[in-house]
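Asks: Next comes the sequence, and after it the predicted model I'd like to discuss.
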Amino acid sequence: MKRTIYQAMPSLWIQNARVIDPAAKRDALGDLFVTDGKLVPSLSAAAKKRAKKIDATGLVACPGLVDIHVHFREPGQTHKETIGTGSRAAAAGGFTTVVCMPNTAPVADNAGTIQFIKDAVRRDAVIKVLPTGCITVGMKGQTLAPIGSLQRMGVVAITDDGECVQSNVLMRRACEYAKMFDLPIMDHCQDASLTQGAVMNEGKMSTRLGLRGWPHTAEDIIVARNVILSEYTGAHIHLQHISSRYSVGIIRRAKERGVKVSAEATPHHIALTDESLATYDTNFKMNPPLRTEEDRRELIAGLRDGTLDCISTDHAPHTDYEKDKEFDYAPNGILGMETSLPVTLEILVRQNKFKLPFVLDLMTRRPANLMRLPAGTLAEGAAADLCLFSEHEQWLYDAKTGFSKSSNSPWSGQTLTGRVKTTIVDGRIVYDGRKIL
Ligand SMILES: [Zn+2]
């Protein structure tokens, strides 16, 4: 007979860290204490003796990273990723909470599929993985999904990510329902009529490479539409993976008027441009596409002035045999979990002189607040979800030996600076810098 032996989780004493808690404007050397999975201000002398000690000298300790845009491919596409492998890649990247997109097979447009995802999370995930539900049935953009029952199943938002609701009247109804059920709508902003057959940004590079272009106007038109519908209905619309400098301007002006829109940028859109496509490497193919240097600079400006609210990876695993095709036929998307922190530190902190606490805010408290998740804080009594990382350690990233089931990363084989050393979820160490525990 199998017997379960209940053993109290040891208290943790994290020593000598640079503790950064953006929510509390805390940035100071100090210790953190954890008991029963929660952060506590200190431990008794006796508890300190028994506690597991983690020497964090030289490391930053911050809230576990939060990513509100990932694709873990389960159910239905588990050859690319599973909730188990995706969550391991997330833990290795310092993430403790992620929100997964509903474009699985079948799509998550009904209570049964959400239950399946929740069961897989309970069984296989090493971090907190939260589901979203579809806006429309089958993500076909024709009739609304049962938003009320999705909400009762615990989805944190609704989205047709990967597709964009083209019908304005349907999007208006979705806004009204989302507001009634108090759910954010996340939208992948793309006017499909302007992007038929498009595989990269429309511009000088697409002409040079002879590839069909995706003009930024296809994003801008839907961003403007969503601003108008958000203002009209009062619904919160979160604009996913913004890539166009014009869209940043539209969002900036909307926010000045107090419109309830929010927006995200990905590490790849702030780090790379369409110049990277010169060799037709499909690990630089994603949707929306990499754009120009002017766009990249404006995304960074938008993060700096608060027009863009957070960093999300759009972690999108595909197998080698799917990606290893002619550029036109390869699927869109790249991995993001294990490279998000070092790439974001490189672009925002080292190259653009953002303050480290501000950047961590973009990766913890702000995305958590947008989706109203109890995460992204080191407040007393909060779940002990933590990321310990070295800001300056250099390491060779090899996507093949990473934790994701797929290896489609443009950063594979590169030396990155900034390395996650420990990830803790509810007071339990799930990643120790080498392996998942
Ligand atoms: Zn998308």
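Replies: Alright, I've got the coordinates.
Asks: who in the stretch 101-250 of the chain is up against the ion?
Replies: 161, 188 (Cβ under 5 Å from the ion). Glycine gets a C-beta too; all of them are placed from N, C-alpha and C.
Asks: Give the residue spans of the stretch 101-250 of the chain that score low on pLDDT.
Replies: Nowhere does the stretch 101-250 of the chain drop to pLDDT under 70.
Asks: Please parse this protein into its domains.
Replies: 12-61+383-431, 64-370 (automatic domain parsing).
Asks: For the closest residue to residue 301 other than its chain neighbours, grab the count of nearby residues.
Replies: Once flanking residues are discounted, residue 301 sits nearest to residue 248: 7.2 Å by Cβ to Cβ, 6 or more residues apart in numbering. Using other Cβ atoms under 10 Å, residue 248 has 26 neighbouring residues.
Asks: List the buried residues of the helix or strand containing residue 248.
Replies: Using DSSP states H and E, residue 248 sits within helix 245-256. The neighbour-count criterion (16 or more other Cβ atoms under 10 Å) identifies 245-248, 250-252, 254-255 as the buried residues of helix 245-256.
Asks: ok so, going back, what's near enough to touch the residue nearest to residue 301?
Replies: Residue 248 makes contact with 242, 298-299, 301-302, 307-308, according to Cβ atoms under 8 Å, 6 or more residues apart in numbering.
Asks: Next, give me the two most distant ones among those.
Replies: Within those, 242 and 301 form the most distant pair, 12.0 Å apart (Cβ to Cβ).
Asks: ok so, going back, residues in contact with the next helix or strand after the helix holding residue 248: which ones?
Replies: With elements assigned by DSSP H and E, the helix or strand that comes after helix 245-256 is strand 261-265. Residues from elsewhere that reach strand 261-265 (Cβ under 8 Å, 6+ apart): 68-69, 184, 226-227, 230, 236-242, 247, 251, 254-255, 299, 302-303, 307-312, 367, 370.
Asks: can you rerun that using 7 Å?
Replies: With contact meaning Cβ atoms under 7 Å, 6 or more residues apart in numbering, strand 261-265 is reached by 69, 226-227, 230, 237-242, 251, 254, 299, 302-303, 308-312, 370.
Asks: Quick one: buried ones out of the residues you listed?
Replies: Listed as buried from the contacts of strand 261-265 are 69, 226-227, 230, 237-242, 251, 254, 299, 302-303, 308-312, 370; burial here means 16+ other Cβ under 10 Å.
Asks: Among those residues, name the ones in strands.
Replies: 69, 237-239, 310-311 (DSSP state E).
Asks: Show me which residues of the lengthiest helix in the chain are buried.
Replies: Longest helix in the chain, counting residues (DSSP state H): helix 217-233. Judged by neighbour count using 16+ other Cβ under 10 Å, the buried positions of helix 217-233 are 217-227, 229-231, 233.
Asks: Closest one to the ion out of the residues you listed, please.
Replies: residue 219 (10.7 Å; Cβ to the ion).
Asks: how near is that closest one to residue 31?
Replies: From residue 219 across to residue 31, the span is 46 Å (Cβ to Cβ, to the nearest Å).
Asks: Now do the same contact list for the residue of the stretch 101-250 of the chain found nearest the ion.
Replies: Scanning the stretch 101-250 of the chain for proximity to the ion using Cβ to the ion identifies residue 188 as nearest, at 3.6 Å. Listed by Cβ under 7 Å, 6+ apart, the contact partners of residue 188 are 160-164, 240.
Asks: got TSV for the residues you listed, with secondary structure too?
Replies: Putting those into TSV (DSSP: H, G, I helix; E, B strand; the rest coil) gives the following:
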residue	secondary structure
160	coil
161	coil
162	coil
163	coil
164	coil
240	coil
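Asks: Out of those, grab the one that's most surrounded.
Replies: The most crowded member of the contacts of residue 188, judged by other Cβ under 10 Å, is residue 160 (29 neighbours).
Asks: Is it in contact with residue 137, as I believe?
Replies: No: look at residue 160 against residue 137 with Cβ atoms under 7 Å: they stay out of range, at 10.2 Å.
Asks: Show me the helices in the stretch 1-150 of the chain, by range?
Replies: 45-50, 83-92, 111-124, 147-152 (DSSP state H, counting those that start in this stretch).
Asks: Quick one: these as TSV, columns for mean neighbour count and distance to residue 268 too.
Replies: Listed next are these as TSV, based on neighbours: other Cβ atoms under 10 Å; distance: least, Cβ to Cβ, whole Å:
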stretch	mean neighbour count	distance to residue 268
helix 45-50	11	44
helix 83-92	27	16
helix 111-124	17	26
helix 147-152	18	29
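Asks: Residue 423 is nearest to which of those?
Replies: Smallest distance to residue 423 across the helices of the stretch 1-150 of the chain (Cβ to Cβ): 4.7 Å, for helix 83-92.
Asks: Excluding its own residues, what touches the closest one? List them.
Replies: 70, 72, 74, 98, 120-121, 124-127, 129, 337-338, 402-405, 420, 423, 430-431, 436.
Asks: How about stretch 198-215?
Replies: Outside stretch 198-215, the residues touching it (Cβ under 7 Å, 6+ apart) are 194-195, 197, 274-275, 277, 285, 288-292, 327-328.
Asks: Report the buried members of these.
Replies: 194-195, 274, 277, 285, 288-292, 327.
Asks: Who does residue 395 form a beta bridge with?
Replies: residue 416 (DSSP bridges).
Asks: Residue 419 is in contact with that one, correct?
Replies: Yes: counting by Cβ under 7 Å, residue 395 does reach residue 419; the two are 5.0 Å apart.
Asks: Those two: which has the busier surroundings?
Replies: More crowded of residue 395 and residue 419, by other Cβ under 10 Å: residue 419, with 18 against 14.
Asks: For the closest residue to that one other than its chain neighbours, give its distance to the ion.
Replies: For residue 419, ignoring the flanking residues on the chain, the nearest one in space by Cβ to Cβ, 6+ apart is residue 393 at 4.3 Å. Look at residue 393 and the ion: by Cβ to the ion, to the nearest Å, they are 32 Å apart.
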